[in-house]
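Student: Here is a sequence together with a model predicted from it:
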Amino acid sequence: MTTLNDFSRCVAQYDPHALPVSAAQAIVRQWATPIAAVERVALRDALDRVLAADIVSPIDVPAHENSAMDGYAFHSAALAHSAQSSTQNSTPGSAQGASIELTVAGKALAGHPFAGRVAANQCVRVMTGACMPPDCDTVVPQERVERDSANPATIRFAADAVAVGANRRRAGEDLARGHVALRAGRIVRASDLGLLASLGIGEVSVRRRLRVAFFSTGDELRSLGEPLDAGSVYDSNRYTLFAMLRRLNVDALDLGVIRDEPAALEAALRSAAANADVVLTSGGVSVGEADFTKQLLQTFGDVAFWSLAMRPGRPLAFGRLWSGEQPGLGKPALFFGLPGNPVAVMVTFYQIVREALLLMAGATPRPLPVLHAASRVAIRKRAGRTEFQRGVAEPDANGHWHVTPTGSQGSGVLSSMSEANCFIVLGHDEADIDAGERVSIMLFDGLI
Ligand code: AMP
Ligand code: MG
């Protein structure tokens, strides 16, 4: 069996005591194998699910050539005729003033095509979405047209009011029949539901939801509803984890709080592995006396790394574990032992775990956008680790973006996450930042 541990040792810059974030991401990516199971779901239930196969368009969208405007459809030969006659009749080089006169032969509305023929000197009144009438290739918008009240069947417009072929939508211009409309690995979003509906597709194949079990560790943790005795804290990590998992649309299995006792932890880890594809824990992976998770993993799991050159989030264990008595026995699961500190949980989740979960869910994750903003203040930063500070980014009156770190950057200060709207990402090799210097930021919110 190739162990994660062997594999990781071959990764450039491998240092189990302080692995650079990029190296950790590379190791995790290698081991995040997509789940194979697929299910069919009705279109609405496909929202936020991962497409299991390419969607090939069974039809052209739009199915027929149609008008993009309310106006009059005609054949563009009329434009050429008028250009010729105007050059003959007026000063050379001036086609201005040439006007075109056409007779209205009928009308076409969306859903009600015009079936007759249209002669060269004729046009058809068309509404947006109406099929282009036969013999017509151009639509002049109604605002560009004059109608004589004495002679309502005739329209007149300037020859330069419209270009050849203008204002028509070609069949298949949105999606061409036989072409891939959406790729496997796509996480279905609002536009995709509409797009699938426009293809007449009411059911799609998606991967089954990824199952992620999680629990908190720590004798000091109290669940909601319990009194807070001296030295205890409410367990908040299970709620942030629940929420972050929910946003990724995975099946989240909350296994509660486990005390700092090796036997209880071992039982919880095994049962988590038996029931989930991925196991997340928080706390107990540092080097303190009650930090048993890492030790247990080393005996019945396979640990790739357990400490990152990252702040917050230095203690982070990654590996595999099995539901059986020994490594390799029973059902395997990927394991992330997140730090206990609440901000570190969120930072490591977004920077290390998120991509792995998406890959395992069968998705093709794109790199998260990194933007730049000028720091309003100087920031202290030690080279040799990646820092994810919490910041508030905003544009000034000229549209230039600036960012300010939130007050306390302690890894236990969860309010810094609620206050912030971005991470300020200070790269591995970066040192102190001067006020006004450009820094990288990752915004929390996206439009879609
Ligand atoms: P640990 O990594 O277990 O040493 O925990 C580091 C810090 O995070 C300690 O102050 C813990 O009390 C705190 N902590 C650990 N787990 C949780 C949790 N689930 N909710 C809130 N704080 C926690
Ligand atoms: Mg602890």
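Tutor: Everything's here; your move. Ligands and ions are numbered 1, 2, ... in the order given.
Student: residue in the stretch 51-200 of the chain nearest to ligand 2?
Tutor: Closest residue of the stretch 51-200 of the chain to ligand 2, CB to the ion: Ile187 (34.2 Å). Heads up, the C-betas are built off the backbone N, CA and C, glycines and all.
Student: so that residue makes contact with Ala52?
Tutor: No. The pair Ile187 / Ala52 is not scored as a contact, 11.9 Å apart, by CB atoms under 8 Å.
Student: While we're on Gln84, how confident is the model there?
Tutor: Note on Gln84: pLDDT of 59.
Student: And for Leu359?
Tutor: 98.
Student: For the closest residue to it other than its chain neighbours, give me its contacts.
Tutor: Leaving aside its sequence neighbours, Leu359 sits nearest to Ala32 (CB to CB, 6 or more residues apart in numbering; 3.9 Å). Going by CB atoms under 8 Å, 6 or more residues apart in numbering, Ala32 touches 334, 355-357, 359-360.
Student: Just flag the most distant two among those residues.
Tutor: Within those, Leu334 and Glu355 form the most distant pair, 12.3 Å apart (CB to CB).
Student: More neighbours: which of the two?
Tutor: Leu334 (25 against 19; other CB atoms under 10 Å).
Student: residues in contact with that one?
Tutor: Contacts here follow CB under 8 Å, 6+ apart; on that basis Leu334 touches 31-32, 277-279, 318-320, 356, 360.
Student: Could you measure from it over to Gln30?
Tutor: To Gln30, Leu334 is 11 Å away according to CB to CB, to the nearest Å.
Student: Can you give the domain ranges for the protein?
Tutor: Listed by automatic domain parsing, the domain ranges of the chain are 4-37+209-360, 39-61+173-207, 66-169, 371-443.
Student: Now do the strands in the stretch 1-150 of the chain.
Tutor: 19-20, 38-42, 55-56, 66-67, 71-74, 99-108, 122-126, 138-141, 146-148 (DSSP state E, counting those that start in this stretch).
Student: How far off centre is the fifth one?
Tutor: Think strand 71-74. Relative to its parent chain, strand 71-74 has a centroid offset of 41 Å by CA atoms, centre = their mean, to the nearest Å.
Student: Can you name every helix or strand that it contacts?
Tutor: Judged by 3 or more CB pairs under 8 Å, 6 or more residues apart in numbering; DSSP states H and E, strand 71-74 is in contact with strand 99-108, strand 122-126, strand 138-141.
Student: If we use 10 Å, what do you get?
Tutor: Packing partners of strand 71-74 (3 or more CB pairs under 10 Å, 6 or more residues apart in numbering; DSSP states H and E): strand 99-108, strand 122-126, strand 138-141, strand 151-158.
Student: and what of the longest one?
Tutor: When contacts are defined as 3+ CB pairs under 10 Å, 6+ apart, strand 99-108 packs onto strand 71-74, helix 77-89, strand 122-126, strand 146-148, strand 151-158.
Student: Format those as TSV; extra columns: mean neighbour count.
Tutor: Output for these, formatted as TSV (neighbours: other CB atoms under 10 Å):
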stretch	mean neighbour count
strand 71-74	29
helix 77-89	15
strand 122-126	26
strand 146-148	12
strand 151-158	16
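Student: Switch those over to a markdown table; also include distance to Val233.
Tutor: Converted to a markdown table, the helices and strands packed on strand 99-108 look like this (distance: least, CB to CB, whole Å):
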| stretch | distance to Val233 |
| --- | --- |
| strand 71-74 | 68 |
| helix 77-89 | 77 |
| strand 122-126 | 69 |
| strand 146-148 | 77 |
| strand 151-158 | 75 |
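Student: where do the contact lists of Ile187 and Ala52 overlap?
Tutor: 206, 362 (CB atoms under 10 Å, 6 or more residues apart in numbering).
Student: circling back to that earlier point, least confident of the domains of the chain, on average?
Tutor: domain 66-169 (a mean of 89).
Student: Where does the stretch 251-400 of the chain get nearest to ligand 2, which residue?
Tutor: Gly283 (3.8 Å).
Student: Help me confirm that that residue comes into contact with Lys294.
Tutor: No. Under the criterion of CB atoms under 10 Å, Gly283 makes no contact with Lys294, lying 11.1 Å away.
Student: near ligand 1, which residues of the protein?
Tutor: By CB under 6 Å from any ligand atom, the residues of the chain that approach ligand 1 are 216, 218, 220-221, 233, 235-237, 282-284, 286, 288, 339-342, 412.
Student: What about these, which are in strands?
Tutor: The members of the residues of the chain next to ligand 1 that map onto strands under DSSP state E are 216, 221, 233, 282.
Student: Could you save these as TSV and add columns showing neighbour count?
Tutor: Listed next are those as TSV, based on neighbours: other CB under 10 Å:
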residue	neighbour count
Ser216	25
Leu221	23
Val233	13
Ser282	30
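Student: Nearest residue to Asp235 in space, please, no chain neighbours.
Tutor: Distances taken as CB to CB, 6+ apart place Leu221 nearest to Asp235, at 4.3 Å, with adjacent residues excluded.
Student: Also Leu321?
Tutor: The shortest distance from Leu321 to any non-neighbouring residue, by CB to CB, 6+ apart, is to Gly301 (3.8 Å).
Student: these two touch, right, that neighbour and Arg320?
Tutor: Yes. Using CB under 10 Å, Gly301 is in contact with Arg320, at 6.1 Å.
Student: could you pull out the helices for the chain?
Tutor: Here the chain has its helices, by DSSP state H, at 4-9, 21-31, 77-89, 190-198, 237-247, 262-275, 292-300, 342-348, 354-360, 415-419.
Student: Comparing these, which comes out most buried?
Tutor: helix 342-348 (a mean of 26; mean count of other CB atoms under 10 Å).
Student: picking up where we left off before, tell me the residues that contact both of Leu334 and Gln30, please.
Tutor: 4, 304, 356.
Student: Name the nearest of those residues relative to ligand 1.
Tutor: For the shared contacts of Leu334 and Gln30, the residue nearest ligand 1 by CB to the nearest ligand atom is Ala304; the value is 18.8 Å.
Student: what residues does the stretch 301-448 of the chain put near ligand 2?
Tutor: Gly340 (CB under 5 Å from the ion).
Student: export stretch 215-224 as PDB, just CAs?
Tutor: Taking C-alpha atoms only, stretch 215-224 is exported to PDB below (Å, rounded to 0.1, in the frame of the first residue of the first chain):
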ATOM      1  CA  PHE A 215     -17.000  16.300  15.700                       C
ATOM      2  CA  SER A 216     -15.400  18.600  18.200                       C
ATOM      3  CA  THR A 217     -12.900  17.400  20.800                       C
ATOM      4  CA  GLY A 218     -12.200  18.900  24.200                       C
ATOM      5  CA  ASP A 219     -13.100  18.400  27.900                       C
ATOM      6  CA  GLU A 220     -13.700  22.100  28.200                       C
ATOM      7  CA  LEU A 221     -16.500  22.100  25.500                       C
ATOM      8  CA  ARG A 222     -20.100  22.500  26.500                       C
ATOM      9  CA  SER A 223     -23.100  22.100  24.100                       C
ATOM     10  CA  LEU A 224     -25.800  24.700  23.800                       C
END
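Student: Pull the distance from it to the chain's centre.
Tutor: 33 Å.
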